[in-house]
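Undergrad: Sharing a model prediction with you, sequence too.
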Amino acid sequence: MKVLIIDDDTVRINPLKSYLTLCGFDTELCTGVDDAMEYIEQNIDSIDIILLDIMIPNGELLSGSDTRNGKETGLHFFKKMREIYHGPVVFYTVIRRRELVMSFIGDDKRADYLTKPQEPAKIVEKIYEMIAA
């Protein structure tokens, strides 16, 4: 299964990427919205799930959006990404304001939310849950 991780904090996310690889997942890491959108466009049929951070740099793709200086970039990127990618997405973020995240997810049953940090096994459990849904 292909897991795309979109997160700019490589120091903290690389151990998770390694863990997922050890669990048998094929993982790809994009550190910004521009390279993430390009990757999604080029590999849309092979992505099984996306782990998406919320606080990431705007990039060119969202340069005109009010992302609160990058604090909500992932939420705006989610809306843009949903124009082409309709598979499961898990927001994985330090933001504890569930109501904010859920306001962007709406009634999208293919999206959910986990706060950082989480035990890697919990993330794997959520990945399987979302893919099975």
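TA: Nice, I can see it.

Undergrad: Tell me, please, where in the protein the pLDDT is lower than the cut-off.
TA: Residue ranges of the chain with pLDDT under 70: 61-71.

Undergrad: let's see it at 50
TA: For the chain, no stretch has pLDDT under 50.

Undergrad: beta partners for residue 49?
TA: Assessed by DSSP bridges, residue 49 has beta-bridge partners residue 3.

Undergrad: need the contact list for it.
TA: With contact set as CB atoms under 8 Å, 6 or more residues apart in numbering, residue 49 has these partners: 1, 2, 3, 4, 87, 88, 89, 90, 127, 130, 131. Glycine gets a C-beta too; all of them are placed from N, C-alpha and C.

Undergrad: just residue 4 next, same as before
TA: 27, 28, 29, 30, 36, 39, 40, 43, 47, 49, 50, 51.

Undergrad: Let me know how buried the closest residue to residue 1 other than its chain neighbours is, in neighbour terms.
TA: Among residues not flanking residue 1 along the chain, residue 48 sits closest, at 4.3 Å (CB to CB, 6 or more residues apart in numbering). Residue 48 has 15 neighbouring residues, counting by other CB atoms under 10 Å.

Undergrad: Hmm, residue 90 and residue 48 touching each other?
TA: No. Using CB atoms under 8 Å, residue 48 is not in contact with residue 90, being 11.6 Å away.

Undergrad: So which residues of the protein form strands?
TA: Along the chain, counting by DSSP state E, strands occupy 2-6, 26-30, 49-52, 89-93, 111-115.

Undergrad: With respect to burial, which of these scores highest?
TA: The highest mean neighbour count among the strands of the chain, using mean count of other CB atoms under 10 Å, belongs to strand 49-52: a mean of 25.

Undergrad: if I pick the closest residue to residue 41 other than its chain neighbours, what's in contact with it?
TA: Leaving aside its chain neighbours, residue 41 sits nearest to residue 84 (6.7 Å; criterion: CB to CB, 6+ apart). By CB under 8 Å, 6+ apart, the residues touching residue 84 are 40, 41, 44.

Undergrad: Filter the residues you listed down to the ones in helices?
TA: Of the positions in the contacts of residue 84, 40, 41 sit in helices, assigned by DSSP state H.
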